[in-house]
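S.K.: Give me the fold of what follows.
(2 chains)
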Amino acid sequence: MAQPSPVLIEKRLTRLVLLFGLGALGLIVRLYVVAVAQSPDWKKAVDDSRTKVFRIPARRGDIVDRSGTPLARTIDTYAVHVRPSVFRESNRVDALGDCATAWLGLSPLPTDSRPTGATDEAARRLKYYHAVYEQRSALARKLLGLRPADLEFGREALAERFRGVIAPEGRLYVSNSGLAAQLKRSLLALSDRDVVATTEVLTRRLKSAATVAEALAVDEAALSSSIEAEWRELEDLARAIKSDLDEFLLVIFGGEIKEARHIEERLEDLIDDRIAVQNVGTYDFGALTAEDLAEKARELEVPSTDLDRVEAAWNALLALEPAGSEKAAAADRARRVADIGQILRGRPMARALDFEVPSIARLLGVWSKDPDVVKRALGQKVRTQPEFKRSDYIAPEKEWPRRLQFKGSYAQEITQGAGFETAQHVWSLFGLGRIGFEVEAGLGREYRDPEHGSASLLIGRLTKRGDPLGGLEQALNAPPPNGVGLEGTPGSVRRIQEIDGSWREIDAPTPPVHGHSVKLTLDVLLQEAVEGVLERMISELGVPGDPSVGGGACIIDIENGDILTLASAPRVPDAVYHDRWSMAERIGADREAARHLLRAGIWSKSEFEIEMNRLGLEDDAKYFVERAADAGRYGYYPPGSVMKTFVALLALQEGVVDPKEHFVCRTDKRRHGTVDMHQALVVSCNAYFQDLGMKLGTQKVIDYAKRLGMFTEVDWLIAPETAEARYRATLSGSPKNVAIGQESISTSPLEVASMMATVARRGRALTPRIVLDAGPDFAAKSARADCPIDDQRYEFLVASMREVVTHAAVAEKRLKPFLALDIAGKTGTAEGYFEKRHAVENCAWFAGFAPAAAPRFAIAVFCEHTNAMGKNVAPFAAEMIKATFDRYRP
Amino acid sequence: MMTPRRILVLSILLIVGLMVGTSLLVLNGVSRTMGSNEISTQLKWVAISIVVMAVFALLPFRWILGRAYFFYALGIALLLAVMFGGKSINGSARWIVIGGFSLQPSEAMKFAYLLALARVLRFGREIDTFVDLMKPALLVLPPLALIILQPNLSTTILFLPVTFGVLYVAGAHRRPMLVILSAVAVVAVVGAVFFLAPYQKDRILSTIMRDRLAPAERQREGYQLEQSLRSIGIGGFFGAGPGDGVQNNLDRLAFRHNDFIFAVFVEEFGFFGGALLMLAVFLLTALFVRTAYTTRDPAARLFVAGAAILLGSQSLIHFGVNLGIIPTTGMTLPFFSAGGSSLLTFSAILGTVLSVARRPLTVFAGDANFEQIERLRRG
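M.R.: Numbering: from 1, shown residues only, chains lettered A, B, ... in the order given. So this is what the prediction gives:
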């Protein structure tokens, strides 16, 4: 080997330089391409990435009553957001600070040293926080330099501080929440290993002396108290938005937790499904019949059929350990899972009955009989089956500390519709603590009397996102002609983010078009009075203690068709409105599904009926039914004898009967004897009107009812489709029943009141209206045709209806004081419509108008699920009329 | 008096000084936008580094070389220490904490390795058999193994050009070099297919296939690269000015104080500044090579050549990553990125190079004399 010649070396060095030169040249060319040639494209990409379209919300129109009292109005509210990255960065409270607090048991910052909100104070505080942050890293270095044995503190104090438990073996256990989680994280951060069991670290740290105080003799009192203060501010905030601190944190990281929960639930479903698949027969001893039990006893070779002994034998059999091979063990496990499946019969473990838990526990080899423990054990057992990956299963409480380390940068909403006070509080926190909170001004909705929910079903409510949910909010939402444009159109503005983080508008904003306000014909004071009477009536006449029993009332101004009151009871308070709504939606979907299963032949008729009955009960129990406007569509509010008023009118018009003609009542169970039309109306003789019905026919009766206002669209309240559907459904009824307002016929107080109003106007067309005014573009959609009634017949009818009231007052004493009001009305008691639940099954009505001499107001009231008759409803209706007269003296 | 030697030393110092000065200007803006105190930390490191550089520059090269194996052993010991008690940042254990400072032993190992390699190959005869390659191979394998276990693929890869470059300069024959190079290439490809973590594969693919990725995928897989290119792309010819970069201020680019500082620099100083920086780095490399020319000490020559290769290749990789022609990997830019370990290491290397540059010729027995060389060069 010879020394390489210097020439060679220099040649090679030169080549190296050339190589690097070429490389540098290539890179410069590439740099030119990216930074200069392609520059416009990149500029555009960057500009796009920092441009955002902001929505400018439109103010939703207010809804006011006829005198201008707001029923629903748009107000300013605030949404509170948190930016988890900032939140976590600052609140990582540098882990060590927490440790110092925990170890030294330092007291929190005294309250008087906290600033009161002036801006210079805020600045000072901010500076202070910075200083603290700086100190903390110095502290970190100090702590890291210590031997673990030096980090020592009182176990009891720690346990108390972090709500922990000291086990007999001397270990400290702390729960995984709040400050305890903070402590754990602190310890994890402090430990010199990446992964460490918390209890292990704790016990290690719990061993010796108190040198840490000296080691930390920096400004640690201020440091740790500031951390305390920050944490306490968080707690304050949690309280301000009415939330537990843990819950509040859960909201902040809700998305992540929700995802974890979702996975967990899906996995549980899988487990449940698996168990359900293996569902063959039953070993639910409690449910065995005597024969089955005897057979089981034979099978198990037990001499007795005593339930306990059979069960014991069965359990002993299960407890036998199979042969030791792995295959046998797997078979055993499968058998046990199958057995558990048989016990649970498709139910999740959470719904296992108390007496089933011990059996399941035995099958799982778990000693505890605590259902939660057994449930966890079941989950684990099934999860060890190969088809379930352990990693699929994420327990939120384990995910929690890990996810706290995740740096997200999108603001998450923690509360919407916060009041000014909360917003101000958060704002000051954001300014002082720099812990990632943001406040955004927005619009909210305020309703009259949210506590009772006055007219809530009529007005409707908004979802959290601002979408309408039922009632007039929904009906009037869209722009004309489908609504009145309550919602408005949001505007938008494009903004670009400047380098200081601020946003600059890059073109002229599109302004929002605010929604139209609506003036209703409703008189809210009258409405509230009527609602009060209605609820009193239900509590007196309905089923005591059953919130699902309800009623409805409607009062119409006969002169112009203004709907003064449209009351439905029970009222739904705002707090439960959304829950009930979604419940109602779900029940609707379940009903649809049941119908589908029946049609597809998957369910038998009896199965279908059981399900429908169940849903019916559930539905009733939730009392989320609007009973005043379009109640007819539910199909179970027949008008009963109130219908006779209109049938009598029709019969006179058609000339099928002479009103003086005598009729012998034989079939009516009340045996009225010989009656003419007047008497038939007064005593409400079914036989008489059934006879008339036979003479007229179903078609004529309901066509006439339709001309008077039944089965007819009412703007925003009764949709033409549902009215038409009811009309057609009623056609199938027999004339005998339709004439007395039963069987296929179903209506609502609004319809009956509008019919009464038409009658009181001697057949002159009357279009009931709920919207009085909604801006210049507003126009009523529907108008009705006349249905003339000649004077002689009208007088006859009014005389009869007056007599109905005086007749009712004989039996119903409470009606007497109201006789001076000169009410013309008709009672009605539809029977047998609520066979589902209660022995009491009448639907009792009173409808009419007053004063009979010169009619001003028409009224219809009903109470469902009652033993009472129409005449019992009459005094309440009279009370409502009195309230109306008090406000509008005729 | 300005001798060529003095000019050489001064120009090296001038270029490094300019680079460090500019880097502090950039880091000032970056540390403001990152809300951290990178700048003050870096200033401390610069101060320490100047001392280290001066010490190494004042020491005779022979003295430093005499302790090559000591440094090497120290480096290995530190790497082992990291392995068994290091601090993890971003998922790999690369740091060790000494007296409150975090250090990356793999950085320090670069210096120790260069020195040891120079010492092993200094009496290098012509390297033409595999046996001759055994010594450097034995030298390079332990640190490589320790660094790749951290895991720290980028630093590992950097050892390859340095080793081969120094062997090449030391006069290794082409054939064994080519055989080994192809073997390394095969191992690299196989390793890439079987042993790379998914994130590493994704990075490589997203660089190679960048133009074929859908925009959404680009955002996800190549987010860092996309942001780096955007930063460079909006720089234009003269840039936005120091501290005024949009990408920088809006916190779009991670690791912009170290591995992606070039992108920030171009955003704020434009193509003009970027090209100047590249030229400066090339010039520095060339000046190192020039230093290698001037010395007659074979060990010094090898060390300085190695330093040039290390500086050149690390810079090229940094530029390449930032410009999206090399898969994304964490590689600092010498004398520019924030980070104490890197700065300290390169200061030691620079000091040693200066120590070589400022000494007069040392002629050894058996070495050709100067006139001979001059004649040969001209002939």
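
S.K.: alpha carbons only for contacts and neighbour counts from here, please
M.R.: Fine.

S.K.: Stretch B:281-290 close to chain A?
M.R.: Yes. Stretch B:281-290 reaches chain A (Cα under 8 Å from any Cα of the partner chain) through B:282, B:285-286, B:289.

S.K.: Now A:Asp467, what are its backbone angles?
M.R.: phi -80, psi 140 (degrees, to the nearest 10).

S.K.: ok, back up a step: in the residues of stretch B:281-290 next to chain A, find the pair that's most separated.
M.R.: The span of the residues of stretch B:281-290 next to chain A, defined through Cα to Cα, is set by B:Phe282 and B:Val289 at 10.5 Å.

S.K.: Common neighbours of those two, please.
M.R.: Counting by Cα atoms under 8 Å, 6 or more residues apart in numbering or on different chains, B:Phe282 and B:Val289 have no contacts in common.

S.K.: So A:Met643, which state does it fall into?
M.R.: helix (DSSP: H, G, I helix; E, B strand; the rest coil).

S.K.: any idea how far it lies from chain B?
M.R.: 67 Å (Cα to the nearest Cα, to the nearest Å).

S.K.: That residue reaches A:Gly741, doesn't it?
M.R.: Yes. The criterion here is Cα atoms under 8 Å, and A:Met643 meets it with A:Gly741 at 5.1 Å.

S.K.: how about stretch A:869-886 as PDB, C-alpha atoms only?
M.R.: The C-alpha coordinates for stretch A:869-886 follow below in PDB (Å, rounded to 0.1, in the frame of the first residue of the first chain):
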ATOM      1  CA  MET A 869    -120.400  15.200  30.900                       C
ATOM      2  CA  GLY A 870    -120.500  18.200  28.700                       C
ATOM      3  CA  LYS A 871    -122.700  20.000  31.200                       C
ATOM      4  CA  ASN A 872    -119.900  19.700  33.800                       C
ATOM      5  CA  VAL A 873    -117.600  21.500  31.300                       C
ATOM      6  CA  ALA A 874    -120.200  24.300  30.800                       C
ATOM      7  CA  PRO A 875    -119.500  26.300  34.000                       C
ATOM      8  CA  PHE A 876    -115.800  26.500  33.100                       C
ATOM      9  CA  ALA A 877    -116.600  27.600  29.600                       C
ATOM     10  CA  ALA A 878    -118.900  30.200  31.100                       C
ATOM     11  CA  GLU A 879    -116.100  31.400  33.300                       C
ATOM     12  CA  MET A 880    -113.900  31.800  30.200                       C
ATOM     13  CA  ILE A 881    -116.700  33.800  28.500                       C
ATOM     14  CA  LYS A 882    -117.000  36.000  31.600                       C
ATOM     15  CA  ALA A 883    -113.300  36.600  31.400                       C
ATOM     16  CA  THR A 884    -113.600  37.600  27.800                       C
ATOM     17  CA  PHE A 885    -116.500  39.900  28.600                       C
ATOM     18  CA  ASP A 886    -114.500  41.500  31.400                       C
END
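
S.K.: what residues does that stretch touch?
M.R.: By Cα under 8 Å, 6+ apart, stretch A:869-886 touches A:526, A:529-530, A:533-534, A:537, A:805, A:808-809, A:811-812, A:814-815, A:818, A:821, A:823, A:827-829, A:842-847, A:850, A:857, A:859-863.

S.K.: buried subset of the residues you listed?
M.R.: Buried members of the contacts of stretch A:869-886, scored by 16 or more other Cα atoms under 10 Å in any protein chain shown, are A:526, A:529-530, A:533-534, A:537, A:805, A:808-809, A:812, A:814-815, A:818, A:823, A:827-829, A:842-847, A:850, A:857, A:859-863.

S.K.: what residues are up against the residue nearest the centre of chain B?
M.R.: Geometric centre of chain B, nearest residue: B:Gln314, 3.9 Å, by Cα atoms, centre = their mean. Shown in contact with B:Gln314 (Cα under 8 Å, 6+ apart): B:158, B:331-334.

S.K.: so it is in which element?
M.R.: Using DSSP states H and E, the element containing B:Gln314 is helix B:298-322.

S.K.: Looking at that helix now, give me its mean pLDDT.
M.R.: Mean pLDDT, helix B:298-322: 93.

S.K.: Following element in sequence after that helix, please.
M.R.: The helix or strand immediately downstream of helix B:298-322 is helix B:340-358, counting by DSSP H and E.

S.K.: got the angle between that following helix and helix B:298-322?
M.R.: Angle of helix B:340-358 versus helix B:298-322, following axes from the mean of the first three to the mean of the last three Cα atoms, to 10 degrees, is 140 degrees.

S.K.: Mind giving me the packing neighbours of helix B:340-358?
M.R.: Secondary-structure packing of helix B:340-358 (3 or more Cα pairs under 8 Å, 6 or more residues apart in numbering or on different chains; DSSP states H and E): helix B:4-34, helix B:38-58, helix B:61-66, helix B:105-121, helix B:261-294, helix B:298-322.

S.K.: one more time with 6 Å
M.R.: helix B:38-58 (3 or more Cα pairs under 6 Å, 6 or more residues apart in numbering or on different chains; DSSP states H and E).

S.K.: Which residues belonging to the helix it packs on are considered buried?
M.R.: Under 16+ other Cα under 10 Å, the buried positions of helix B:38-58 are B:38-39, B:42, B:45-46, B:49-57.

S.K.: Present the residues you listed as a markdown table; the columns should include pLDDT and distance to B:Ala307.
M.R.: Putting the buried residues of helix B:38-58 into a markdown table (pLDDT from 0 to 100; distance: Cα to Cα, whole Å) gives the following:
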| residue | pLDDT | distance to B:Ala307 |
| --- | --- | --- |
| B:Glu38 | 77 | 27 |
| B:Ile39 | 86 | 27 |
| B:Gln42 | 90 | 23 |
| B:Trp45 | 92 | 21 |
| B:Val46 | 95 | 20 |
| B:Ser49 | 95 | 17 |
| B:Ile50 | 96 | 18 |
| B:Val51 | 96 | 19 |
| B:Val52 | 95 | 17 |
| B:Met53 | 96 | 14 |
| B:Ala54 | 96 | 17 |
| B:Val55 | 96 | 18 |
| B:Phe56 | 95 | 14 |
| B:Ala57 | 94 | 14 |
